[in-house]
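[1] The sequence isn't on hand, but the structure is:
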């Protein structure tokens, strides 16, 4: 408080109002006068000083020193007008937030001044002598409460550091607030040493009920003087003998300092939401105390705030890695003690974080120790979370592919050549849209290339336009389990990501499925019957069939030439038979009525342009003239392949020319085989058939190009009048596919690295593909129904992705994407987008473990399935007043896909269950899943559990998602972890709920919430939790209203 004169204060009855640091404090004037007027011996210091005051009067100006009587009591400095202390004081200074300094600027001798923080006015004093001045400065300096408190705290800590006990016997405040959720003690790396804690015989609270214990640990390393909060355990509800599941780590990869003193304080948490708690007891020990005890166990008595027993605490420690040194830097430690510590450190447990570092950034970990039903064994559980290194890499590569596809699309439109005025306008408009797409994709690609931020996209940025192609909150959630007694371990991965949705595009017109259905209604049907394929479906089939036939023909033409070089008639005959069969199929395809109709309409549009004499200027129309090249102009055999060139021959001649080319080749091969005499003249054979092979391959190339042109014209016809809708759908579909593809690549690389020694897994993925199971928690209400539609289409599109594994080399050591010759077909075909191949380079030591087929370049297909069950309050609205049929349809279709996948495995590889029967087998789980999908049951989360278990048994990739992968996802993955511990590792049934709450309150998912919204609280409120199934509810104190 600044100095205020009592005469200047406003009196209100018996109350004097003082303003101190913007805080209103009320004092009774009679009590203040009583303190000031006591006998002289009751004051800390008393005497006369000269005080600088303003002069009063008409002709008196400036300031002067006047003599005053001063009395100091605590932090109150009273002053009187005269030496008669019986009168009331005329002023009072409260000595807080101020400094006492020498006043060298004053001419009056022996001066000092009091300066208050934040105030311009200072108080100047002068004394009779230098000694008197120094005595007053010393007395005023130590008079403040703040100074006394600092001295008190320093002395208390020094005594506690020396004796190990708190010298103050008085209890702390009964109710202390502690925001323990913000003090989680992040551990980004494996600690050198860990401890687990348990308590016995903790006293009941004042109401006679068992406490809710929480242990907070503080550390101090000599010669430091201040305790630093280190970490804390979880809260155990109503227990006098709690076993804490969360472990506490010390040190890092460089080692641990055994001189470290640890203060362990046990609290009773009265209210979790507000953090109100009271102290039960505490104890101080060193790291060396623990390590030097047998089995690294230490049992200590807790010292309570009252002189009564507060129970005991047991500390059990272990060291994580054999390479870590346990160092005691205390002077005078003997060599024998060194050896003891060295032998104790042999009990070690490793966390295997290094296996995640090549694929993930910003890894964090938590460790827990759980009981099993067999009390002799414990489960050591490590929980990890990290950001995928592919979060920005894959979208950037995909954007480059999309730009390439749009440029190829522009080239195809230009190859249409001169059309009638009607179609020229449509073609120009479609070309403009493709050009605008190039710009739209180039902008985020450029931004991502220069991006240097964190390797994940937080949920608060889900509507950020520049990050639109980046999946939301993509992380790995890994749990490793070790049962040392049974020598059994396990590793379980779940990829977590926000819903694959175009949040920037919003949901005014619905999600992807609604938009695609609207577009499909505008397409022409290939048949008059309802439900038949559209012409666009047929067009995509044409493109893919021709691409497949061309590839087979080309491969067997190469095989034919190699057989000719080797002089092998048997190989010649086999190769030419396959070529003949595939060419005949290609010719038959060219005779399809639908293709002929499109060709006729295209030729008509061109002939109308010619008939009208309209010669288009390529620079004005946006089209380029076509180059007419002879079929054989640039075709030559290179020893392994041919160099090809296009041609522009009339379509009427294409089919007969192709038939003639294959007949000529067959005839030449037959002539060689039938008329061979003596030794094989290999150069003659190759030279004899090479022209025929070149001619055939050139005509096959012509067929493919012609059909691509016809299909482009068909696309022009089908999208006429709805190009804006086509553009909107294409862009939205690309965005959500980018999210899904990035998540798939993250999951695939993680699963492959984790299962590289699993031969059954490697054989399965190259024979029938890899399964990826998506778990959704979205509702069918509001915007989330649109997100569900987006996500469904994005997941379905993953079946058009393949993986190719190659060996790392100096120039080829990073993941790449490439376009296949085929386009997307199925329920929602897309001529504009080709299938994607992901090439993943592997280190030589792991690449050699792959089956020969994968080493030789065989591609791995993807089998995506999606199961969704809404669990929030919006899901309740959808069930009671809305429509949940989209969810039911998604689950039903995914069950069918899963059945087909299992059937294919058993057909191509062998039975999955082998001799196993009954509960828990794949057959049993499949039947249970089918049953639960078919029945009508509110929020049937059993579907999610069964689907996840089936995925694990089939060595698939697990992905869990909700709107932002932050809240509902956290509840789901933690529930799945505890279910795995119970089912696979014999977790003690009585701690199921405690383990679940521990994961949710102290595990890495709280850190995920913090990374996304800056708060370690899940975004639920009490009303929402009422509608969420009980196993998915957050523990008290871990949730609240959070923006983001």
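    Happy to help now that I have it. On a predicted model such as this, the values are computed, not experimentally measured, just so you know. Residues are numbered from 1 along each chain as shown.
[2] pLDDT score for residue 306?
    Listed pLDDT for residue 306 reads 73.
[3] ranges for the strands of the stretch 651-800 of the chain?
    In the stretch 651-800 of the chain, strands defined by DSSP state E, counting those that start in this stretch lie at 770-776, listed in chain order.
[4] how about low-confidence regions in it?
    675-683 (pLDDT under 70).
[5] all helices for it, in order.
    Counting by DSSP state H, counting those that start in this stretch, the stretch 651-800 of the chain has helices at residues 651-674, 682-718, 723-754, 759-767, 783-797.
[6] The last one packs against which elements?
    Where contact means 3 or more CB pairs under 8 Å, 6 or more residues apart in numbering; DSSP states H and E, helix 783-797 is packed against helix 512-522, helix 723-754, strand 770-776, strand 860-868, helix 885-908. (C-beta placed from N, C-alpha, C; glycine too.)
[7] For the helix or strand following that helix, which strands pair with it and how are they oriented?
    Where DSSP states H and E defines the elements, the next helix or strand beyond helix 783-797 is strand 801-807. With DSSP bridges as the test, strand 801-807 is paired with strand 830-842 (parallel), strand 860-868 (antiparallel).
[8] Mean neighbour count, the helices of the stretch 651-800 of the chain: which tops it?
    Ranked by mean neighbour count, the helices of the stretch 651-800 of the chain are led by helix 783-797 with a mean of 25 (mean count of other CB atoms under 10 Å).
[9] Can you give the distance from it to the centre of its chain?
    Helix 783-797 sits 19 Å away from the centroid of its parent chain (CA atoms, centre = their mean, to the nearest Å).
[10] so where's the stretch 301-450 of the chain shaky on pLDDT?
    Applying pLDDT under 70 to the stretch 301-450 of the chain flags the ranges 307, 321-352.
[11] Try it again at 50.
    327-335, 338-348 (pLDDT under 50).
[12] And the stretch 801-950 of the chain, by the same measure?
    Nowhere does the stretch 801-950 of the chain drop to pLDDT under 50.
[13] Enumerate every residue touching the closest residue to residue 940 other than its chain neighbours.
    In space, residue 940 comes closest to residue 932 once its chain neighbours are excluded; the distance is 5.7 Å by CB to CB, 6 or more residues apart in numbering. By CB atoms under 8 Å, 6 or more residues apart in numbering, the residues touching residue 932 are 940, 942, 943, 946.
[14] Of the residues you listed, keep whichever come out buried.
    942, 943, 946 (16 or more other CB atoms under 10 Å).
[15] Distance to residue 363 and secondary structure added to these, as a markdown table?
    Converted to a markdown table, the buried ones among the contacts of residue 932 look like this (distance: CB to CB, whole Å; DSSP: H, G, I helix; E, B strand; the rest coil):
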| residue | distance to residue 363 | secondary structure |
| --- | --- | --- |
| 942 | 33 | helix |
| 943 | 32 | helix |
| 946 | 31 | helix |
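[16] for those, which one is nearest residue 409?
    Nearest to residue 409 among the buried ones among the contacts of residue 932, counting by CB to CB, is residue 943 at 40.7 Å.
[17] Now do the SS call for the closest residue to the closest one other than its chain neighbours.
    Of all residues not flanking residue 943 in the chain, residue 932 sits nearest, at 4.9 Å (CB to CB, 6+ apart). Assigned with DSSP: H, G, I helix; E, B strand; the rest coil, residue 932 falls in the helix class.
[18] what's the distance between residue 932 and residue 432?
    According to CB to CB, to the nearest Å, residue 932 and residue 432 sit 50 Å apart.
[19] does residue 160 really touch residue 284, like I thought?
    Yes: the criterion here is CB atoms under 8 Å, and residue 160 meets it with residue 284 at 7.2 Å.
[20] List the buried residues of the helix or strand containing residue 880.
    In the assignment (DSSP H and E), residue 880 maps to helix 873-881. Residues of helix 873-881 classed as buried by neighbour count (16+ other CB under 10 Å): 873, 874, 875, 876, 877, 878, 879.
[21] what angle separates it from helix 783-797?
    If you take axes from the mean of the first three to the mean of the last three CA atoms, to 10 degrees, helix 873-881 sits at 100 degrees to helix 783-797.
[22] how many degrees apart are helix 873-881 and helix 885-908 in direction?
    Using the same axes, to 10 degrees: helix 873-881 against helix 885-908 is 100 degrees.
[23] How far off centre is helix 873-881?
    Once both centres are worked out by CA atoms, centre = their mean, helix 873-881 turns out to sit 28 Å from its chain's centre.
[24] Not counting it itself, show me its contacts.
    Residues from elsewhere that reach helix 873-881, judged by CB under 8 Å, 6+ apart: 779-782, 784-785, 869-870, 884, 938-939, 1023-1024, 1026-1028.
[25] Recalculate using a threshold of 6 Å.
    779, 780, 781, 782, 884, 938, 1024, 1027 (CB atoms under 6 Å, 6 or more residues apart in numbering).
[26] CSV for those, including neighbour count and distance to residue 501?
    Shown next, in CSV, are the contacts of helix 873-881 (neighbours: other CB atoms under 10 Å; distance: CB to CB, whole Å):
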residue, neighbour count, distance to residue 501
779, 30, 13
780, 23, 14
781, 22, 15
782, 13, 13
884, 20, 19
938, 12, 25
1024, 17, 21
1027, 14, 22
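[27] Tell me the one of these nearest residue 792?
    Within those, distances to residue 792 taken as CB to CB reach their minimum at residue 780, with 11.5 Å.
[28] List the contacts of the closest one.
    Contacts here follow CB under 6 Å, 6+ apart; on that basis residue 780 touches 878, 884, 886, 887.
[29] and the gap between it and residue 890?
    On the measure of CB to CB, residue 780 and residue 890 end up 10 Å apart.
[30] Give the residues shared as contacts by those two.
    By CB under 6 Å, 6+ apart, residue 780 and residue 890 have no common neighbours.
[31] Pull the number of nearby residues for the residue nearest to residue 728 when sequence neighbours are not counted.
    Spatially, and ignoring its direct neighbours in sequence, residue 728 is nearest to residue 515 (7.0 Å; CB to CB, 6+ apart). Residue 515 has 22 neighbours, counted by other CB atoms under 10 Å.
[32] Let's see the pLDDT reported for residue 515.
    For residue 515, the model assigns a pLDDT of 93.
[33] again with the one 4 residues further on
    Listed pLDDT for residue 519 reads 90.
[34] how close does it sit to residue 399?
    The gap separating residue 519 from residue 399 is 23 Å, by CB to CB.
[35] out of these two, which sits in the busier spot?
    For residue 519 versus residue 399, neighbours defined as other CB under 10 Å are more numerous around residue 399 (24 against 19).
[36] Apart from its chain neighbours, what residue comes closest to the more buried one?
    Nearest in space to residue 399, with sequence neighbours left out and distances taken as CB to CB, 6+ apart, is residue 445 at 4.0 Å.
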